[in-house]
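In: Quick one, fold the following:
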Amino acid sequence: MTENKHGFAPKQEIKIGGIAFTIIQTAESWVKCIASECIGERAFDAQNRNDFAASDIREFLNGEFLKRLIAEGAPEEMFEHFNVDLTADDGLRDYGGDRVRVGLITCDEYRLLRGNIPALPDTWWWTATPDSPKNPYVRYVNSDGTLVNSNAWNGNWGVRPLCVLKSEILKSYLDGDMKKRAEAVDMMKHIAAAWNIQPEEVFEEGR
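Out: As a prediction, this is how the structure comes out:
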């Protein structure tokens with residue numbers, strides 16, 4: 001794993017558009033992140049297609065979900081296009097690969113980077129890896145961390161978005177977010193002082 005020139009490191013948690021992500025891989029100028037927890041549950045594909053490139057979940061991640069992050073302040077240009085290898089678990093390469101801005105982790109990436117991925121002991125979640133082009137099954141991560149199969153139409157499994165971010169823009173974004181928070185806190189303190197309000201009335205314990 002290459003050291004990131006902007007100081008980001010594996011296992012570091014960051015917040016993008018209000019959602020917590022964990023850095024699982026670094027390169028000199030980019031970082032690969034996975035959602036620290038599932039953002040919800042949904043079917044991989046309502047038509048039971050296990051080809052990620054043609055799936056409903058891909059459309060959701062690169063449409064509604066990405067737009068939500070951007071609407072919450074994440075810079076659109078921060079999200080790199082990257083390739084998702086759709087080699088099936090049985091080794092067949094019928095689906096090739098898919099170029100996206102938001103994807104799901106593959107089984108090979110999961111095996112390689114598992115030590116950096118936060119475990120979810122009470123949750124099952126999708127990977128992008130099909131079991132085989134010869135069936136409708138998709139590999140998913142069980143609550144104990146093992147890899148299992150499920151029909152693509154199954155709506156009970158969680159979604160953990162994966163993205164590759166330009167680290168220079170990420171640093172600027174996070175620095176700016178921290179500055180905004182500090183300015184907001186400072187403003188609230190000034191308001192409290194002006195109105196003779198006790199700090200504990202403004203900043204409740206645990207916030």
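
In: what ranges of the chain fall below the confidence cut-off?
Out: 177-207 (pLDDT under 70).

In: Give me the longest strand you can find in it.
Out: Assignment by DSSP state E gives strand 19-26 as the longest strand of the chain.

In: Who are the packing partners of the helix or strand following it?
Out: Per DSSP states H and E, the first helix or strand lying C-terminal to strand 19-26 is strand 30-35. Strand 30-35 sits against strand 19-26, strand 162-166, helix 167-194, with contacts defined as 3 or more Cβ pairs under 8 Å, 6 or more residues apart in numbering; DSSP states H and E. C-beta coordinates here come from the backbone N, C-alpha and C atoms, glycine included.

In: Same question for the helix or strand where Arg68 lies: list its buried residues.
Out: Assigned by DSSP H and E, Arg68 belongs to helix 66-71. For helix 66-71, the neighbour count (16 or more other Cβ atoms under 10 Å) marks Leu66, Leu69 as buried.

In: got the CA coordinates for it in CSV?
Out: Coordinates of each C-alpha in helix 66-71 appear next as CSV, following Å, rounded to 0.1, in the frame of the first residue of the first chain:
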residue,chain,number,x,y,z
LEU,A,66,-24.0,10.3,-5.3
LYS,A,67,-26.3,13.3,-5.9
ARG,A,68,-27.2,13.1,-2.2
LEU,A,69,-23.5,13.4,-1.2
ILE,A,70,-23.0,16.3,-3.5
ALA,A,71,-26.1,18.1,-2.3
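
In: After that helix, which helix or strand is next? Please name it.
Out: Next helix or strand after helix 66-71 toward the C-terminus (DSSP H and E): strand 82-85.

In: export that following strand as PDB, just CAs?
Out: What follows is strand 82-85, C-alpha atoms only, in PDB (Å, rounded to 0.1, in the frame of the first residue of the first chain):
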ATOM      1  CA  PHE A  82     -12.600   3.600 -11.000                       C
ATOM      2  CA  ASN A  83     -13.000   0.100 -12.400                       C
ATOM      3  CA  VAL A  84     -15.000  -2.700 -10.700                       C
ATOM      4  CA  ASP A  85     -13.700  -6.100 -11.700                       C
END
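
In: So what touches the longest strand of the chain?
Out: 1-4, 8-15, 31-37, 39, 69, 113, 116-118, 161, 163, 167 (Cβ atoms under 8 Å, 6 or more residues apart in numbering).

In: Note down every partner strand of that strand and its orientation.
Out: strand 13-16 (antiparallel), strand 30-35 (antiparallel) (DSSP bridges).

In: Mind listing what's buried along it?
Out: Per 16+ other Cβ under 10 Å, strand 19-26 contains these buried residues: Ile19, Phe21, Thr22, Ile23, Ile24, Gln25, Thr26.

In: And stretch 42-54, end to end?
Out: Its start and end residues considered, stretch 42-54 measures 15 Å (Cα to Cα, to the nearest Å).

In: same question, stretch 134-147
Out: End residues of stretch 134-147 are separated by 19 Å (Cα to Cα).

In: How about stretch 4-13?
Out: End-to-end distance for stretch 4-13, by Cα to Cα: 15 Å.

In: Now do it: distance to the chain's middle.
Out: The chain centroid and the centroid of stretch 4-13 are separated by 15 Å, computed with Cα atoms, centre = their mean, to the nearest Å.
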